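Generate a structure from the sequence data that follows.
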Amino acid sequence: MLDAAAPCAIHIATEGPLGHAARRYCLARGLPFTTAYHTRFPEYVRARARVPLAWTYAVMRRFHRPSSGVMVATASLRHELEAHGFANIRDWTRGVDLSLFYPRASILDLPRPILMYVGRVAVEKNIGAFLELDTPGTKVVVGDGPQRVELQRRFPETVFVGSLQGEDLAAHYASADVFVFPSRTDTFGLVLIEALACGVPVAAYPVPGPLDVIGESGAGALDADLGRAVQRALAIDRETARAHALTFTWRRSAENFLNNLKPFDAARAFTAAA
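Numbering: from 1, shown residues only. A predicted model of the protein is given here:
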């Protein structure tokens, strides 16, 4: 399939089976390629099994070592990977669809304030830290995953709406008063800027991802005490949240990506391979 496509550059988006196959293909033909570090696999594995971080980081380093550029979404992740011995790191920001995610009237008739989480319902997302908070109003979880049944049993007062997409998802975002992001392991958190674009301030821990997205913008509250972060976020106006989201455009993201690619002479490379 790659021979038939005859690309002028190859980017490997994941360290999974397809990524390994493409990596072997490029190395066998002497073709440069770029990669991206989207997910903290070492931390995710450790959350599920007692596997030392050093082992899984060694696997990740080996995978990315031949890459002409390892693309990362935030400065914090760049520094972390450099500390773990990664090289050739390139910045690649993210964007949000501002025509879909925007402030609108609430569709949820629930006691306020509405505190919302959107994303995969899995152990590495640390959702329990959010649902355990003693806060007024209603907690809403949008998304699905392997931990949903357990969390529904433990927190019956929480509203679980399942996975949503498109207009339904955007309308739910806009119905929240605060977007709560309890994860400590995400590399960026696209849901952060989707919520901000809908005019919803963010409450999160001061960890990579939220630190990079929220920073000193005033569009969210970061605190080691997630409950305090929620209380502070409730005082943030929706206009501030939306204004910060406007700085995350897909055009800027696309330009970053294209500038990071390592093009090659496709005609020469694929003629030689044939």
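
is it true that Pro146 touches Val121?
Yes - Pro146 is within contact range of Val121, at 7.3 Å (criterion: CB atoms under 8 Å). For the C-beta atoms, the positions are set from N, CA and C on the backbone; glycine is no exception.

which one of those two has more residues nearby?
More neighbours surround Val121 than the other of Pro146 and Val121, with 22 against 10 (other CB atoms under 10 Å).

Next up, the contacts around that one.
Ile127, Val141, Gly143, Asp144, Gly145, Pro146, Gln147, Arg148, Leu151 (CB atoms under 8 Å, 6 or more residues apart in numbering).

Local confidence estimate at it?
pLDDT, Val121: 98.

next one: the one 3 residues further on
In this prediction, Glu124 carries a pLDDT score of 90.

show me the contacts for Thr249.
Gly95, Val96, Leu98.

Could you rerun that using 7 Å?
Thr249 makes contact with Gly95, according to CB atoms under 7 Å, 6 or more residues apart in numbering.

hang on, the earlier thing: with pLDDT and distance to Arg251 added, can I get the contacts of Val121 in JSON lines?
Formatted as JSON lines, the contacts of Val121 follow (pLDDT from 0 to 100; distance: CB to CB, whole Å):
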{"residue": "Ile127", "pLDDT": "98", "distance to Arg251": "33"}
{"residue": "Val141", "pLDDT": "98", "distance to Arg251": "32"}
{"residue": "Gly143", "pLDDT": "98", "distance to Arg251": "28"}
{"residue": "Asp144", "pLDDT": "98", "distance to Arg251": "31"}
{"residue": "Gly145", "pLDDT": "97", "distance to Arg251": "32"}
{"residue": "Pro146", "pLDDT": "97", "distance to Arg251": "36"}
{"residue": "Gln147", "pLDDT": "98", "distance to Arg251": "36"}
{"residue": "Arg148", "pLDDT": "98", "distance to Arg251": "36"}
{"residue": "Leu151", "pLDDT": "98", "distance to Arg251": "38"}
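
Which of those residues are buried, as a ChimeraX select command?
Buried residues among the contacts of Val121 (16 or more other CB atoms under 10 Å), as a ChimeraX selection:
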select :127,141,143,144,145,147,148,151
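
Among the contacts of Val121, give me the pair with the biggest separation.
Val141 and Pro146 (13.7 Å; CB to CB).

and His64, how many neighbours?
Number of residues near His64 (other CB under 10 Å) recorded here: 22.

what's the answer for Gln152, then?
14.

Could you tell me the per-residue confidence at the spatially most central residue of the chain?
Closest residue to the average C-alpha location of the chain: Gly189 at 2.9 Å, with CA atoms, centre = their mean. Looking at Gly189, its pLDDT stands at 91.

residue contacts, it?
Phe181, Ser183, Gly209, Pro210, Val213.

What segments of the stretch 51-200 of the chain are strands?
Assigned strands in the stretch 51-200 of the chain, in chain order: 70-72, 89-91, 114-118, 138-142, 159-162, 178-181 (criterion: DSSP state E, counting those that start in this stretch).

could you give the mean pLDDT of stretch 28-42?
91.

Could you tell me the end-to-end distance of that stretch?
Length of stretch 28-42, first residue to last, CA to CA, to the nearest Å: 27 Å.

buried ones in it?
For stretch 28-42, a neighbour-count test (16+ other CB under 10 Å) marks Leu31, Pro32, Phe33, Thr34, Thr35, Ala36, Tyr37, His38, Thr39, Arg40, Phe41, Pro42 as buried.

can you check stretch 104-121 too?
Under the neighbour-count criterion of 16+ other CB under 10 Å, stretch 104-121 has Leu108, Pro113, Ile114, Leu115, Met116, Tyr117, Val118, Gly119, Arg120, Val121 buried.
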